[in-house]
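**Q** Need the 3D shape of this:
(2 chains)
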Number of protein chains: 2
Amino acid sequence: MVKQFEKKHLTKKSENFSEWYQEVILKAGLADYAPVKGCMVIRPYGYAIWENIRNYLDGLIKSSGVTNAYFPLFIPEHLLKKEKEHVAGFSPELAVVTIGGGEELKEKLVIRPTSETIMYAMYAKWIQSYRDLPILINQWNNVVRWEKRTYLFLRTTEFLWQEGHTVHATHQEAVKMVMEALNHYINLYQNYLAMFGYAGVKSQLEKFAGAEDSFTYEILTPEGKTLQAATSHDLGQKFSKVFNIRFLDKDKKLKMPYQTSWGLSTRSIGGLIMVHGDDNGLVLPPKIAPIQLVIMPVFTKNSEKNKKLKEMAKKLKEELKDIHVWIDEREEETFGYKINDWELKGVPLRLELGEKEIKEGAFTLARRDNFEKNKVKHQNLEASVNQLLNEIQNNLFEKSKKFTLEHTYEAHSYEEFKRIMKNNRGVIKAYWCENQNCEAKIKAETKATVRCLPLSEVNKKDNQKCVYCGQKAHRAWLFGQAY
Amino acid sequence: MVKQFEKKHLTKKSENFSEWYQEVILKAGLADYAPVKGCMVIRPYGYAIWENIRNYLDGLIKSSGVTNAYFPLFIPEHLLKKEKEHVAGFSPELAVVTIGGGEELKEKLVIRPTSETIMYAMYAKWIQSYRDLPILINQWNNVVRWEKRTYLFLRTTEFLWQEGHTVHATHQEAVKMVMEALNHYINLYQNYLAMFGYAGVKSQLEKFAGAEDSFTYEILTPEGKTLQAATSHDLGQKFSKVFNIRFLDKDKKLKMPYQTSWGLSTRSIGGLIMVHGDDNGLVLPPKIAPIQLVIMPVFTKNSEKNKKLKEMAKKLKEELKDIHVWIDEREEETFGYKINDWELKGVPLRLELGEKEIKEGAFTLARRDNFEKNKVKHQNLEASVNQLLNEIQNNLFEKSKKFTLEHTYEAHSYEEFKRIMKNNRGVIKAYWCENQNCEAKIKAETKATVRCLPLSEVNKKDNQKCVYCGQKAHRAWLFGQAY
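**A** Numbers count the residues shown, from 1 in each chain, chains lettered A, B, ... in the order given. Have a look, this model is predicted:
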């Protein structure tokens, strides 16, 4: 997995965030630009992170009784057009196949931008009775949305994701599923990726094309923008109506079921890089790190001694069998170069192993998150490593939480709102009348969009005014500039 | 996962194989026809089989040091055209995107039929020195080959697979990788899917478009056709030449590396269904079965007693925690209907649980493969289940091996060859001069193609004659009618 790198000069995160972001991805070997406009190659180190995310989330999804399946890449044009808001939302970004097997196709095939339409055409066929419900299906696949301006991981023409699509007899059950999926995403982000964020409801303008309501997890990035990190949609009966999905209920009446869809993509890796990284490169939370600890033997010119160091490294690796350990056996590179390399790759712990350490029976463990060094006795190694990995995981989450809370501002007037957007950047909490007109004007004038109504704020309050128009407002929403 | 089914009449495998095959897939809920020509939907029960195959094979692949990555779905036309044999092989079956984001594209984008060209354009960028080698990358993805006549799992326009693509400094290393991949496939088929087959080298006419040599695992199906079940290719320097992949070797000379590619697809599930199934439906080898044992409580009209049966079923499921157990809680269906249903779905073991069984402290375990019933005491349940699952796994492999060997014929003359193809069907072992002219004529006259030269037959022998032309022949090849 680890290859040679050219000497790496890295732009400072604090000096040019956007440059830093792209350089980290390329230099740490997470991804590369593909020879197709707007597409990227996810390299092994980046894909190993995606595999970890997938394995963890897949377990959560299956714990809800949802099973995986696979639906076609191609959507016949007539199916996509069935739900009007849906097709209107996706039309500008479609890739279309017009030639197949050397011949012009009679009906154009759209590459799925999302799979509602192709899946629900099948659901209509499979569902007849209440006994066929609920349908609880998820798929891990690739989707295509033609993007004018692309950004590695965050916005690429093709990306990988999971999309869950369920059908229920009652709206209550569907809402329960929507919230369960949202909670899985919160679990993944908070407990696994160590990323604090705000969970809430989208505004009607920002919701998914075709949904009744969309729920979201929003992350604040170091440059003060907000990233929609996962969404879960209550589709109501909008799709079951147009796809003619009907079921004979226990009371012998023919009814329209309620649907949900929810997804999380490789975009999550973009957020992960942004939130935790520092001037030296990636910083990976231990739970997601493909390599959790790297053993670096301190090689000398004595090949006999080097051999012994390698043997000891292997022995330590075996002792730490529940931890993902990598041994850096490169003798031709300087120690300093290799340290830079592992810092760039964000490996949580580094163990330096020289003759001195073996004699002393104690090793130095260097933390990636705060650069602290810990001297640890051999007999305590496994326990210490586990403890340090836990501490790093917790520290990264606390840092992310602290940063987000410190950059969440309350705006009591539109002047204040504009000042924050101009000077501080971050998440702005403000009362809003929920009128789309105010929403549109705020966006046009400040670039801030409504990110969500946090779940904690859904209850109506009295005597509050819209930050823009001054009319009655009942809830404090979160605003921010989106990616 | 288990849904209601309409009463299922199943065509007999022995009477109409092709009808049987399609009905089993639809009625067992493995897959369904999609509303896109030539495409299929893999339903949860079928996809669970694919997940099992993927997990097992992924472990084998990773044990070879190969890591997963992801490359784009789209291949710009100019890249695909670089290797002449390759593009000639795939041209008739391409799907082409000509519109993106509402605009006609300047360069057409081909949906990958396989990823050699897009991957090797990146490899050329990543490889400079011997230190960058070997490159060992695999990806699990979807590919598209426009098919005129499609057949569920065996030949669909879009299918899922894994494709491994490696680059090595020497031909020897590349060949080692080709054989290692082939061995992983043999391992998967024999130890996991319980499917006997022939591993060997393809003829020059039948090899992969762009390979120096292709290796294959060929399965004999009950209707006497042979199925190419996985392939591993020695690409030599063909692609490194046209993609300009070069590395500076230790001796300071610029060299062309050697490449391999190898793949296994959802087609394997088609073979699995065909080889093991019987008149009652699917028969799944225990190692691949998503449900290994189904507990069927014998419900009565006494709901109190039924509740107790369900509790006992749950207790047994907990005791069998290392086994995939499903409890059939459907009270509204007859016992006979449910037995048919589980036989159709190929679940290896069925445990019947009534009041009598609880009183006796003994259960009946019914085997799906040979319909034998075994009475087992409660305290021996776990051990007996494990033993029976092992026996079923072995029995299915032995049956598959026996069938294949019994239907492998030696043809000493072309008359005999034609007679076997006409009357017996199966695999024919015959000496062949390795001249493409004979190969083409045999195919035109009998439909039999060269399937492979078995690995055991690669050494040249003297004094043998080609079954077609009578000229000198050195090796006995396997022939058969392909899917």
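
**Q** Give the helix, strand or coil label for the residue lying closest to residue A:162 once chain neighbours are set aside.
**A** Leaving aside its chain neighbours, residue A:162 sits nearest to residue A:140 (4.8 Å; criterion: Cβ to Cβ, 6 or more residues apart in numbering or on different chains). Bear in mind the C-beta positions are built from the backbone N, C-alpha and C, glycine included. Judged by DSSP: H, G, I helix; E, B strand; the rest coil, the three-state class of residue A:140 is strand.

**Q** how about low-confidence regions in the stretch 251-400 of chain A?
**A** By pLDDT under 70, the stretch 251-400 of chain A has no low-scoring segment.

**Q** What count of nearby residues applies to whatever residue of the stretch 151-300 of chain A ends up closest to chain B?
**A** Nearest residue of the stretch 151-300 of chain A to chain B (Cβ to the nearest Cβ) works out as residue A:158 at 5.4 Å. When neighbours are defined as other Cβ atoms under 10 Å in any protein chain shown, residue A:158 has 23 of them.

**Q** need the contact list for it.
**A** A:38-39, A:142-144, B:72-74 (Cβ atoms under 8 Å, 6 or more residues apart in numbering or on different chains).

**Q** Mark which of those are part of strands, please.
**A** Applying DSSP state E to those, the entries found in strands are A:142-144, B:74.

**Q** Need those residues in JSON lines (columns: pLDDT, distance to residue B:342 and neighbour count).
**A** Converted to JSON lines, these look like this (pLDDT from 0 to 100; distance: Cβ to Cβ, whole Å; neighbours: other Cβ atoms under 10 Å in any protein chain shown):
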{"residue": "A:142", "pLDDT": "98", "distance to residue B:342": "35", "neighbour count": "18"}
{"residue": "A:143", "pLDDT": "98", "distance to residue B:342": "36", "neighbour count": "19"}
{"residue": "A:144", "pLDDT": "97", "distance to residue B:342": "40", "neighbour count": "26"}
{"residue": "B:74", "pLDDT": "98", "distance to residue B:342": "43", "neighbour count": "27"}
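
**Q** now the residues you listed in CSV, with distance to residue B:358?
**A** What follows is those, written out as CSV (distance: Cβ to Cβ, whole Å):
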residue, distance to residue B:358
A:142, 50
A:143, 51
A:144, 56
B:74, 60
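
**Q** show me where the stretch 351-483 of chain A has helices.
**A** Applying DSSP state H, counting those that start in this stretch to the stretch 351-483 of chain A gives helices spanning A:355-360, A:381-406, A:414-419, A:436-446.

**Q** Contacts for the first one next, please.
**A** To tie it back to what came earlier, the one meant is helix A:355-360. Outside of helix A:355-360, the residues within contact range by Cβ under 8 Å, 6+ apart are A:298, A:300, A:305, A:308-309, A:312, A:363-364.

**Q** filter those to the buried ones?
**A** The neighbour count (16 or more other Cβ atoms under 10 Å in any protein chain shown) marks A:305, A:309, A:312, A:363 as buried among the contacts of helix A:355-360.

**Q** Name the helix or strand for the first one, please.
**A** For residue A:305, the enclosing helix or strand under DSSP states H and E is helix A:303-319.

**Q** tell me the angle that helix makes with helix A:381-406.
**A** Taking axes from the mean of the first three to the mean of the last three Cα atoms, to 10 degrees, one finds helix A:303-319 and helix A:381-406 inclined to each other by 70 degrees.

**Q** roughly how far out does helix A:303-319 sit from the chain middle?
**A** 38 Å (Cα atoms, centre = their mean, to the nearest Å).

**Q** Run a quick check on residue A:349 versus residue A:371, I expect a contact.
**A** No - here residue A:349 does not reach residue A:371: they are 11.7 Å apart, not a contact under Cβ atoms under 8 Å.

**Q** Just want to know which of the two has more residues nearby.
**A** Set side by side, residue A:349 and residue A:371 show more neighbours around residue A:349, with 25 against 10, by other Cβ under 10 Å.

**Q** Send over the helix holding residue A:305 as CSV, restricted to the C-alpha atoms.
**A** Taking Å, rounded to 0.1, in the frame of the first residue of the first chain, the C-alpha atoms of helix A:303-319 are listed here in CSV:
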residue,chain,number,x,y,z
SER,A,303,22.9,-4.7,8.0
GLU,A,304,23.1,-7.3,10.7
LYS,A,305,21.7,-4.9,13.3
ASN,A,306,19.0,-3.7,10.8
LYS,A,307,17.9,-7.3,10.4
LYS,A,308,17.4,-7.6,14.1
LEU,A,309,15.4,-4.4,14.1
LYS,A,310,13.1,-5.8,11.5
GLU,A,311,12.7,-9.0,13.4
MET,A,312,11.8,-7.1,16.5
ALA,A,313,9.3,-5.0,14.5
LYS,A,314,7.6,-8.2,13.3
LYS,A,315,7.4,-9.5,16.8
LEU,A,316,5.8,-6.3,18.0
LYS,A,317,3.3,-6.4,15.1
GLU,A,318,2.3,-9.9,16.1
GLU,A,319,1.9,-8.8,19.7
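
**Q** can you give me the strands in the stretch 51-200 of chain A?
**A** A:67-68, A:74-76, A:95-100, A:103-111, A:135-144, A:158-168, A:198-201 (DSSP state E, counting those that start in this stretch).

**Q** got the angle for the longest one vs strand A:103-111?
**A** Counting by the same axes, to 10 degrees, strand A:158-168 lies at 70 degrees to strand A:103-111.

**Q** residues contacting the residue nearest the centre of chain A?
**A** In chain A, the C-alpha nearest the mean C-alpha coordinate belongs to residue A:268, at 1.7 Å (Cα atoms, centre = their mean). By Cβ under 8 Å, 6+ apart, the contact set of residue A:268 is A:53, A:188-189, A:193, A:229-230.

**Q** what do you get for residue A:281?
**A** So, once contact is read as Cβ under 8 Å, 6+ apart, residue A:281 ends up touching A:10, A:24, A:27-28, A:343-346.

**Q** re the thing from before, now do the phi/psi pair for the residue nearest to the centre of chain A.
**A** phi -60, psi -30 (degrees, to the nearest 10).

**Q** what's near enough to touch residue A:409?
**A** A:420, A:424, A:426-429 are the contacts of residue A:409 under Cβ under 8 Å, 6+ apart.

**Q** out of those residues, what pair is the most spread apart?
**A** A:424 and A:429 (12.9 Å; Cβ to Cβ).

**Q** So for these two, which residue has more residues nearby?
**A** Neighbours were counted for residue A:424 and for residue A:429 using other Cβ under 10 Å; residue A:429 has more, 17 against 11.

**Q** Residue A:302: how many residues sit nearby?
**A** 11.

**Q** From residue A:314, how far off is it?
**A** Noted for residue A:302: a distance of 18 Å to residue A:314, by Cβ to Cβ, to the nearest Å.

**Q** What of residue A:129?
**A** 60 Å.

**Q** just residue A:465 next, same as before
**A** For residue A:465, the distance to residue A:314 - Cβ to Cβ - is 68 Å.

**Q** Serialize the contacts of helix A:355-360 to a markdown table and add fields for distance to residue B:471.
**A** Listed next are the contacts of helix A:355-360 as a markdown table, based on distance: Cβ to Cβ, whole Å:
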| residue | distance to residue B:471 |
| --- | --- |
| A:298 | 67 |
| A:300 | 66 |
| A:305 | 65 |
| A:308 | 63 |
| A:309 | 63 |
| A:312 | 64 |
| A:363 | 71 |
| A:364 | 73 |
